[in-house]
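In: Task: produce atomic coordinates for the following.
(one chain, ligands or ions: 2)
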Amino acid sequence: GTKLDEEMTHIRELLHAAQIKPEITGNPLLENVPLLVENVVSMCVKEAITNVVKHSSATHCRVDVTQLPKELKVTVEDNGQGFSGDRSAEGNGLRGMRERLEFVNGTLDVESGLGTVITIHVPTVLR
Ligand code: ATP
Ligand code: MG
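Out: Numbering: from 1, shown residues only. Ligands and ions are numbered 1, 2, ... in the order given. Here you go, the predicted model:
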C-alpha cells in the first residue's frame with residue numbers, strides 16, 4: 001500500500017479504540033501524487049484524527065479522500081462538541097498542519113460549531 005492508504009488502516013484502529021465509529025469514504029490509493037504531498041497529507045490526517053480522539057467527544061468520524069484531476073481533497077468530519085474554530089484557538093497541531101500544507105501550496109479550512117469539519121486541499125500538479 002501507499003502512505004495514505006496505510007494511514008487509513010491506523011486511523012480506523014485509533015477511532016475504533018476510542019469508541020468513535022469510523023466511516024472512510026473515497027479512495028486513499030492515490031495516483032501520480034508526489035511523495036512529499038502524500039506525506040504532508042498523511043501527517044495532517046493523523047493530527048486531525050488525534051484531535052477528534054482527544055478533544056471532540058464525538059461518536060462518529062468520517063474521513064473522505066477524493067483525488068480530482070488536479071488536486072487532492074481530504075475532509076475529516078466529526079459529530080462532537082466542536083470549538084470556537086477561530087485562529088486564536090489554534091495550537092501547535094493545527095498551526096503545524098497549516099505550515100506543512102503551505103509548503104506544498106495546500107490549504108486548511110476549519111469549520112466548527114456542532115461538530116468539526118477539517119478540509120484539506122492540495123494541488124497535485126505544478127502551477
Ligand atoms: P497539540 O496538537 O499541540 O498536541 P492541541 O491538540 O490542543 O495540542 P491543536 O491541534 O492546534 O492543539 O488544536 C487546538 C484546539 O482546538 C484544541 O485544544 C481543542 O480545543 C480544539 N480542537 C481541535 N480539533 C477539535 C475537534 N475535532 N473537536 C473539538 N475541539 C477541537
Ligand atoms: Mg492537536
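In: what's the longest helix in the chain?
Out: helix 35-51 (DSSP state H).
In: packing partners for that one?
Out: Judged by 3 or more Cβ pairs under 8 Å, 6 or more residues apart in numbering; DSSP states H and E, the packing partners of helix 35-51 are helix 3-17, strand 60-67, strand 71-78, helix 92-103, strand 115-123. C-beta here means a position set from N, CA and C on the backbone, and glycine is covered the same way.
In: and the angle from the first one to strand 71-78?
Out: Spelled out, it's helix 3-17. Using axes from the mean of the first three to the mean of the last three Cα atoms, to 10 degrees, the direction of helix 3-17 lies 10 degrees away from that of strand 71-78.
In: Pull the contacting residues for Ala89.
Out: The contact partners of Ala89, taken as Cβ atoms under 8 Å, 6 or more residues apart in numbering, are Phe83.
In: residues making contact with stretch 111-127?
Out: 32-34, 37, 40-41, 44-45, 48, 51-52, 56, 58, 67, 70-80, 82-85, 97, 101, 104-110.
In: is that stretch anywhere near ligand 1?
Out: Yes - applying Cβ under 6 Å from any ligand atom, one finds that stretch 111-127 is in contact with ligand 1 at Thr116.
In: buried ones in that stretch?
Out: For stretch 111-127, a neighbour-count test (16 or more other Cβ atoms under 10 Å) marks 112, 115-122, 124 as buried.
In: So it, near ligand 2 or not?
Out: No - Stretch 111-127 does not reach ligand 2 (Cβ under 5 Å from the ion); its nearest approach is 10.9 Å.
In: on that earlier part again, out of the buried residues of stretch 111-127, which comes closest to ligand 1?
Out: Of all these, the one with the least separation from ligand 1 (Cβ to the nearest ligand atom) is Thr116, at 3.9 Å.
In: Local confidence estimate at the closest one?
Out: At Thr116, the predicted lDDT confidence score is 98.
In: Distance-wise, check whatever residue of the chain ends up closest to ligand 2 relative to Gly113.
Out: Residue of the chain nearest ligand 2, by Cβ to the ion: Gly93 (2.6 Å). According to Cβ to Cβ, to the nearest Å, Gly93 stands 19 Å off from Gly113.
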